[in-house]
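*Asks:* Sequence first, then the predicted structure, then my questions.
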Amino acid sequence: MRRNLAARIGVWSAHHRKTAVLGWLLFVVLAAGIGGASGMVEMTDAENGAGDSARAEQILSDAGLSHRAGEMVMVSSAEPDGWRTAAQQLTTALGKTGEVTGLAKPVASEDGKDALITFEMKGEAATASDRVQPVLDAVSGVQKDRTDVTVHQFGDASAGKWLGDLLTDDFQKAEFTAVPLALGILLVAFGAVVAALLPVGLALTACMAAFGLLSLASHQLHLFQTTYSVMFLMGFAVGVDYCLFYLRRERDERAAGRDAETALRIAAATSGRSVLVSGLTVMVAMAGMFLSGLLLFKGFAIATIIVVFIAMMGSVTVLPALLSWLGDRIDAGRVPLLNRRDKRGKKESGRLAGKLLRPVLARPKFFAAVSAVVLLVLAAPALGMKTEELGLEKQFGSDSQLSVAYRHISDTFPGGPAPAQVVVEADDIEAPGVRKALAGFDQVTVHRAQNVAEIEIPMPRGEDDLTELRDKKLPAAFEGTGAHAYVTGEVAGSTDFNDQLKAGILPVFLFITAVTFLLMLFCFRSYVIAVTAILLNLLSVAAAYGVMTAVFQHGWGASLIGSEGVGAIESWMPLFVLVVLFGLSMDYHVFVVSRIREAHGRGLSTRAAIDEGIRRTAGAVTGAAVIMVAVFSVFGTLSMQDMQQMGVGLAVAVLLDATIVRMVLLPSVMALLGERNWRTPRGLSRLPSLDHEEPEQAPAPAAAPVGTGLHG
């Protein structure tokens, strides 16, 4: 049997299992320990932005004028001026905390029933959320004592505190829900405790090591606060899937009568090769995010590349070592009812897949057209997709305390919660022309030593006000003065971020499609399969976009998952989902098409090879898809709107990919193409084959003693 790279790695690990297992454990402990000790470094506002808003933040940072965390408290009463006593108590209580500065006098609303108190937190804005609790206690204390008024608070520090606590709770919820869920699915799939625990254990240790390495990497490439959640989502799902593919093939070969050594070698050469190809494809696809021009995506890219690489290497090294050591003990802890089902599982899954395939292969044109139409209909809402950088008030849901406070303050004092900040930079901020220009604005703070000025301008009309400010007011005011004015703030930051995304998505798309094409071309030595893979991926992504837009932008069915429509999709979501799905869909595509190609290589016709390949992979693909959908769906139930969008989008895409695409569209398209599927370019025909050579027929079944395997 000729051995490819995956087979050589698997055989080495099986013969040196102690080295492989202990080496893996040492690596995980060292990576997690060192990374945990180093801590994670989060990106600054300037690093997370783009365009003029990022430039404004950078000017302030370079000048040592970092923002203080601003806070607003609105006191409302039923009668005009009924808030005055409570506002005085609140001002006194806030001053006693020792954490606030710039405490302004209350500003009354037009009807006199509300008052807005503004102030800033002392110290660095980045750590204000860690010090805001006394302020929150002071505000809630006044509210508790004064039942005749209503108090609402919103600001950078209070929202940051809320967000930090929520992310911690959500991450724990995801971890404690996803792991038992995956374990239960694997237990049903394998019918044995040890076989179910193995993929989960390897996936979790891969995530632990990746967390540590990512923390180390964050000292060079600063990260967004949700990056760890994204890493766990990807790492756990991919890690379990890779182990599942490998383990399922090894068990199938044993069930076919092969001895332990041959079964493990074939699993390494086939599923191990698929894992290497899939992992490489995912990592290369993720690398496309480096072309986005945004640090957020660079962080996502390095996080997913690290965790996928570790999960991939664990699957092809330590997994065969453990399988060799365990031997038949892999079936230890059998669950009687589930075990009987497992014994029939291979035949039942193949029989069911065969029943589904029979009409598809009999009428491929009809089923190709119907499945394509279904996906296009699901994709239709994406034509009206609107993206924006969702503010915290949208992230938490309209009924959350933070969102209610934001809405009341914004309605009563338009432009208050999200004013624009203009940063003016000049060689001499005291020059007559600059001083005259600054005099035309109301809220101006001049920093003479740094030659920088800050102007705060209300933005009640959002983007319309921003456009007018940038295109008309600022050029008219500062033209000819030698000063440069840049606008930042919530609206400006979201607009600039979206503009950069629109500019960056094309090079990212071209990169991942080109690289995916080349990888598929090299691995399958067929440009037809490479092109088909890309087109099927695009249909899956488009359908996921459509569902996300329908649910989270328009609110169709959002209440069914405990969410709501917010009128837009998180700005970073479309690019992230595109890249992730392009990578993840290769798991199924490579696994299924590899098995079809194996059958065709043994002399079967294309249609017969399609039938055999899909029937034999149906159980593994179904199990892998169920696990991925389950893990992604857990994130769809979290509190943050962007996590919900990501979880639902990925879950829907994987579900469609594993059902409509792999079970209907792929076989029907391949059946229509026939022998054209296997056309090899002349240049690639000279390259060595990446396939293994397995015996035509399995040997007669032989019962191997429990615990036997390869020995080193």
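*Replies:* Received it, and whenever you're ready, just let me know what you need.
*Asks:* so which strand or helix has the spatially most central residue of the chain?
*Replies:* Residue closest to the mean C-alpha point of the chain, counted by CA atoms, centre = their mean, is Val230 at 4.2 Å. Val230 belongs to helix 227-255 when elements are defined using DSSP states H and E.
*Asks:* same for that helix, what does it pack against?
*Replies:* helix 156-190, helix 193-217, helix 260-287, helix 295-316, helix 318-326, helix 573-601, helix 606-636, helix 641-656 (3 or more CB pairs under 8 Å, 6 or more residues apart in numbering; DSSP states H and E). (C-beta placed from N, C-alpha, C; glycine too.)
*Asks:* out of those helices, nearest to Ala558?
*Replies:* The closest of the helices and strands packed on helix 227-255 to Ala558 is helix 641-656. By CB to CB, the value is 8.8 Å.
*Asks:* Buried residues of that closest one, list them for me.
*Replies:* Across helix 641-656, burial judged by 16 or more other CB atoms under 10 Å covers 641-656.
*Asks:* again with stretch 22-34
*Replies:* Within stretch 22-34, the residues scored as buried using 16+ other CB under 10 Å are Trp24, Phe27, Val28, Ala31, Ala32.
*Asks:* OK, contacts around the fourth one?
*Replies:* For Ala31, the set of contacting residues under the criterion of CB atoms under 8 Å, 6 or more residues apart in numbering consists of Met208, Ala209, Ala210, Gly212, Leu213.
*Asks:* For the helix or strand encompassing it, the averaged confidence score.
*Replies:* Element membership for Ala31, per DSSP H and E: helix 17-38. Across helix 17-38, the average pLDDT comes to 91.
*Asks:* Stretch 168-185 now?
*Replies:* In this model, stretch 168-185 has a mean pLDDT of 80.
*Asks:* For stretch 364-382, which outside residues touch it?
*Replies:* With contact meaning CB under 8 Å, 6+ apart, stretch 364-382 is reached by 359-360, 539-540, 542-543, 545-550, 553-554, 656, 660-661, 664-665, 667-669, 671-672.
*Asks:* One more: stretch 483-495?
*Replies:* By CB under 8 Å, 6+ apart, the residues outside stretch 483-495 that reach it are 45, 49, 52-57, 59, 388-389, 391, 418-426, 429, 431, 433-434, 437, 459, 462-463, 465-466, 469-470, 474, 477-478, 571.
*Asks:* Now list the buried members of those.
*Replies:* Using 16+ other CB under 10 Å as the burial test, the contacts of stretch 483-495 include 45, 49, 52-57, 59, 388-389, 391, 418-426, 429, 434, 437, 459, 462, 465-466, 469-470, 474, 477-478, 571 as buried.
*Asks:* related to what we said a few turns ago, dump the helices and strands packed on helix 227-255 to CSV, plus distance to Ala128.
*Replies:* As requested, the helices and strands packed on helix 227-255 are exported to CSV (distance: least, CB to CB, whole Å):
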stretch, distance to Ala128
helix 156-190, 4
helix 193-217, 23
helix 260-287, 33
helix 295-316, 22
helix 318-326, 44
helix 573-601, 28
helix 606-636, 28
helix 641-656, 22
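*Asks:* tell me the contacts of Tyr356?
*Replies:* Let me fix one detail, which is that residue 356 is Leu and not Tyr. Applying CB under 8 Å, 6+ apart to Leu356 gives the contacts Met663, Val664.
*Asks:* again, only using 7 Å
*Replies:* Applying CB atoms under 7 Å, 6 or more residues apart in numbering to Leu356 gives the contacts Met663.
*Asks:* now Ser315
*Replies:* Residues near Ser315 by CB under 7 Å, 6+ apart: Leu202, Tyr242, Cys243, Tyr246, Val275.
*Asks:* Could you provide those in JSON lines, with additional columns for neighbour count, pLDDT and distance to Ala353?
*Replies:* What follows is the contacts of Ser315, written out as JSON lines (neighbours: other CB atoms under 10 Å; pLDDT from 0 to 100; distance: CB to CB, whole Å):
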{"residue": "Leu202", "neighbour count": "24", "pLDDT": "91", "distance to Ala353": "27"}
{"residue": "Tyr242", "neighbour count": "32", "pLDDT": "86", "distance to Ala353": "22"}
{"residue": "Cys243", "neighbour count": "27", "pLDDT": "87", "distance to Ala353": "22"}
{"residue": "Tyr246", "neighbour count": "29", "pLDDT": "83", "distance to Ala353": "20"}
{"residue": "Val275", "neighbour count": "28", "pLDDT": "85", "distance to Ala353": "22"}
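*Asks:* rewinding a little: so which of the contacts of Ala31 is surrounded by the most neighbours?
*Replies:* For the contacts of Ala31, the largest number of neighbours (other CB atoms under 10 Å) sits with Ala210, at 30 neighbours.
*Asks:* How about that residue, nearest residue that isn't a chain neighbour?
*Replies:* Val307 (3.8 Å; CB to CB, 6 or more residues apart in numbering).
*Asks:* what do you get for Gly433?
*Replies:* Among residues not flanking Gly433 along the chain, Thr481 sits closest, at 3.9 Å (CB to CB, 6+ apart).
*Asks:* from the contacts of Ala31, which single one is nearest His16?
*Replies:* Ranked by distance to His16 (CB to CB), these are led by Ala209 at 20.0 Å.
*Asks:* Look up the closest residue to the closest one, ignoring the ones flanking it.
*Replies:* Going by CB to CB, 6+ apart, Ala209 has Ala31 as its nearest residue, at 4.1 Å.
*Asks:* in this structure, which ranges drop under the pLDDT threshold?
*Replies:* Where the chain drops to pLDDT under 70, the residues are 1-3, 336-351, 415-418, 683-712.
*Asks:* Any buried residues in stretch 154-172, and which?
*Replies:* Applying 16+ other CB under 10 Å to stretch 154-172 flags 154-163, 166-167, 170-171 as buried.
*Asks:* how about JSON lines for the residues you listed, with distance to Pro134 added?
*Replies:* Listed next are the buried residues of stretch 154-172 as JSON lines, based on distance: CB to CB, whole Å:
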{"residue": "Phe154", "distance to Pro134": "17"}
{"residue": "Gly155", "distance to Pro134": "14"}
{"residue": "Asp156", "distance to Pro134": "16"}
{"residue": "Ala157", "distance to Pro134": "11"}
{"residue": "Ser158", "distance to Pro134": "12"}
{"residue": "Ala159", "distance to Pro134": "17"}
{"residue": "Gly160", "distance to Pro134": "15"}
{"residue": "Lys161", "distance to Pro134": "11"}
{"residue": "Trp162", "distance to Pro134": "16"}
{"residue": "Leu163", "distance to Pro134": "19"}
{"residue": "Leu166", "distance to Pro134": "20"}
{"residue": "Leu167", "distance to Pro134": "22"}
{"residue": "Asp170", "distance to Pro134": "25"}
{"residue": "Phe171", "distance to Pro134": "26"}
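*Asks:* still on that earlier bit, I'd say the residue nearest to Ala210 and Met234 touch.
*Replies:* Yes: with contact defined as CB atoms under 7 Å, Val307 reaches Met234; the gap is 5.8 Å.
*Asks:* That'll do, ta.
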